[in-house]
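Peer 1: here's my sequence, what's the structure:
(one chain, ligands or ions: 2)
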Amino acid sequence: MHRSIATVSLSGTLRQKLEAIAAAGFDGYELFENDFIQFNGNAKELRRINEDLGLSLDLYQPFRDFEGMPDAQFARSLERAERKFDLMQTMGASLMLCCSNTSPLVIADPARAAAQLHVLAERAAARGLRVGFEALAWGRVTSLYSQAWDLVRRADHPNLGLILDSFHTLSLKDDPAGIVDIPGDKIFFLQMADAPLLAMDLLQWARHHRSFPGQGDFDVVTFLEKTLQAGYTGPLSLEIFNDVFRETPNRRTAVDAMRSLLYLESQVQERQAQATSTGARKAAPSVTLFEPPPVPTLSGLGFIEFAVDEAAARTLEAQLLQLGFHRAGRHRSKAVVLYRQGDIHLIVNAEPGSLARSRFDAHGTSVCALGMRAADPEAAAARAVAMHSRRHDSPVGPGELRMPAIVVPGGNLVQFMPVTMDAQALFAADFITEAMQAEAAAPQAATDVGLQAIDHVALGLGLDQLDTWVLFSRAVLGLEPGESLELADPFGLIRSRGVANADRSVRLVLNVSLSQRTRTARTVSVAGTGGVHHIALRCDDIFAAVERLRARGVRFVPISDNYYDDLPTRLELDPALVARLRAAGILFDRSAAGDYLHIYTEHPDAGPFFEIVQRVGRYDAYGAVNAPARMASQAQQP
Ligand SMILES: O=C(O)c1ccc(O)c(O)c1
Ligand SMILES: [Mg+2]
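Peer 2: Ligands and ions are numbered 1, 2, ... in the order given. As a prediction, the model looks like this:
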């Protein structure tokens, strides 16, 4: 498809926006009128920039408050239109967007509105231009695409067509199914936008909280599918009014935008392929949709790698040993040590000159890579590259394993590990693993406190990184987002959203602070970027594990007695269980599916802290109700 984006979706000056749009690989763009009005150049110069950048100017927008006006205003609006047509001809735009009337002067008379639109189309036709009519969700008389289509049909002019915008339809919970009955060649343009479900004023929602498809809650896939079924073959464009995008570096936003369109196309493509293979529908797509390698099949976090220098490595080692890990091996050729407990593998990388070291130099002790087990590591990396993520190849020594790696938003790595190799063989390729071999003979190492697996990794992100991560998680890794939650820290709100694969073997929690004053915000600020904030390790018996850890000197975030007084008023719990939780300082949550027991280690001077968790039954979340207790306690620590 011809891929396009509205200039309103990006930060920067008009020229900077267009450069970012071209660099991300778009074919064309929608010019938002204000961007031109504020441009220190004329329409001819804009045309030259378009030519230099290889961008087509697909749409000039918006033309407001036109249809259904009293005669005097109508005459003036036609004059206004002529001036816009002059500009469009000079800058090389052939389609104008006219959005439905929001003026109190509008007359609710479809015959009048249609007749006026006919005249507008006739004026456009005289110059070889076209007009597309779009229903704004808050239009005074016309707010639905079906109403806009009714006017376009009545106006009956070849130079007048319909413009669809998924936001207006889906925000009103209107049914897009009727789009299939509109002749495809009468749909002149398609604007796609997603949004989080918010109970708020439509106009505010539309102007401040739209997001790229794949970042919100709308069924944008069905919307595009219906439009294509109608026979639409025009541009696929993004029109995103979003307060955060207005201040996010525009090259990053433009890459997100392109990834979003590719992901959207691929989802529709997949549906069409399925419908065709099951014989449900004839294959009749008139446009070619993007078809990347399939979403990877992931099965767990194989390792977590820390970036350190020599001194930081010693501090971290002390912390890991205290948590019951043991040194399981050292790297064949690099200053890298492997720690292990149960099926948890932690790699501590102090190799000078490595990517890990450069991450340490920039951000201090931090997680610089996650290992994800993938059914087909090469295909997983190929999918990522197709979705505009960068591949990262680090130097490997003789006999060492090359694992395909990709760069994730913010600059860290995800490495895809083959599931077919067991952990022993996998790490044996790169590490000298005497300890592991000795351990194979006596599996319960003396230091082991019963931690068994990586449950999830929580990221603390900058405000402008959350939507990027949601889309990256879905489009590249196939991790689906859960509910978006707001958690109260004593100094501001934290927005939190889990993403996970279908069998829940890979879980990430994406946290962003809406205030500059929370611990999460300060951590992001000190590190200079978002990154892993804490690591949750799972066990089968959290009471036993915590007892052993306390005996080894591990300190946990203390929880207020009031929390345990409140717990039985919230949940029906055996008093004996409440007493045990209180004595151990463990937090508790219960859902219909099961229980979640968890506790947090005290924040170290540098690097992430740890959460110890036990899941009972099919509990599927992260104990968000307890996060305020943890954050308040952390805030009360000296
Ligand atoms: O918010 C608006 O005014 C506005 C303008 C043009 C559009 O295409 C749109 O969807 C909204
Ligand atoms: Mg629109």
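Peer 1: what distance do you get for Gly279 to ligand 1?
Peer 2: 38 Å (Cβ to the nearest ligand atom, to the nearest Å). C-beta: built from backbone N, CA, C; applies to glycine.
Peer 1: pull the number of nearby residues for that residue.
Peer 2: By the criterion of other Cβ atoms under 10 Å, Gly279 has 7 neighbours.
Peer 1: end-to-end on stretch 86-105?
Peer 2: In stretch 86-105, first residue to last residue: 27 Å (Cα to Cα, to the nearest Å).
Peer 1: wait, does it contact ligand 2?
Peer 2: No - in terms of Cβ under 5 Å from the ion, no part of stretch 86-105 sits within range of ligand 2; the closest distance is 6.9 Å.
Peer 1: next, the buried residues of that stretch.
Peer 2: 87-88, 91-102 (16 or more other Cβ atoms under 10 Å).
Peer 1: same question, stretch 521-535
Peer 2: 521, 523-524, 527, 529-535.
Peer 1: going by proximity to ligand 1, name the top residue of the protein.
Peer 2: As assessed by Cβ to the nearest ligand atom, ligand 1 sits closest to Pro62 within the chain, at 3.8 Å.
Peer 1: could you measure from that residue over to Phe36?
Peer 2: 12 Å (Cβ to Cβ, to the nearest Å).
Peer 1: on that earlier part again, mind putting the buried residues of stretch 521-535 into JSON lines with pLDDT and distance to Ser633?
Peer 2: Converted to JSON lines, those look like this (pLDDT from 0 to 100; distance: Cβ to Cβ, whole Å):
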{"residue": "Ala521", "pLDDT": "88", "distance to Ser633": "18"}
{"residue": "Thr523", "pLDDT": "84", "distance to Ser633": "16"}
{"residue": "Val524", "pLDDT": "86", "distance to Ser633": "20"}
{"residue": "Ala527", "pLDDT": "79", "distance to Ser633": "22"}
{"residue": "Thr529", "pLDDT": "81", "distance to Ser633": "26"}
{"residue": "Gly530", "pLDDT": "86", "distance to Ser633": "23"}
{"residue": "Gly531", "pLDDT": "92", "distance to Ser633": "23"}
{"residue": "Val532", "pLDDT": "95", "distance to Ser633": "21"}
{"residue": "His533", "pLDDT": "94", "distance to Ser633": "16"}
{"residue": "His534", "pLDDT": "96", "distance to Ser633": "14"}
{"residue": "Ile535", "pLDDT": "98", "distance to Ser633": "19"}
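Peer 1: taking the residues you listed together, which two end up most distant?
Peer 2: Ala521 and Ile535 (19.6 Å; Cβ to Cβ).
Peer 1: helices along the stretch 401-550 of the chain, start to end?
Peer 2: Along the stretch 401-550 of the chain, counting by DSSP state H, counting those that start in this stretch, helices occupy 423-430, 434-441, 466-475, 519-527, 542-551.
Peer 1: right, so of these, which gets closest to ligand 2?
Peer 2: For ligand 2, the closest of the helices of the stretch 401-550 of the chain is helix 466-475, at 19.2 Å, according to Cβ to the ion.
Peer 1: nearest residue to the middle of the chain?
Peer 2: In the chain, the residue lying closest to the centroid (Cα atoms, centre = their mean) is Val470, at 2.0 Å.
Peer 1: how about the contacts made by that one?
Peer 2: 214-215, 481, 497, 499, 510 (Cβ atoms under 8 Å, 6 or more residues apart in numbering).
Peer 1: now name the helix or strand holding Ser4.
Peer 2: strand 3-6 (DSSP states H and E).
Peer 1: do I have it right that Asp35 meets Thr7?
Peer 2: Yes - Asp35 lies in contact with Thr7 (Cβ atoms under 8 Å); the separation is 4.5 Å.
Peer 1: now the common contact residues for these two.
Peer 2: 14, 17.
Peer 1: nearest residue to the residue in the chain that ligand 2 sits nearest to other than its sequence neighbours?
Peer 2: Nearest to ligand 2 in the chain, going by Cβ to the ion, is Asp165, at a distance of 3.5 Å. Leaving out its chain neighbours, the residue that sits closest to Asp165 by Cβ to Cβ, 6 or more residues apart in numbering is Gln191, at 4.1 Å.
Peer 1: alpha carbons only: can I get the helix or strand containing the one you found in PDB?
Peer 2: Using DSSP H and E, Gln191 sits in strand 187-192. The C-alpha coordinates for strand 187-192 follow below in PDB (Å, rounded to 0.1, in the frame of the first residue of the first chain):
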ATOM      1  CA  ILE A 187     -13.500   6.400  -0.600                       C
ATOM      2  CA  PHE A 188     -10.900   9.000  -1.500                       C
ATOM      3  CA  PHE A 189      -8.700   8.600   1.600                       C
ATOM      4  CA  LEU A 190      -8.200   6.500   4.700                       C
ATOM      5  CA  GLN A 191      -6.900   7.900   8.000                       C
ATOM      6  CA  MET A 192      -6.100   5.300  10.700                       C
END
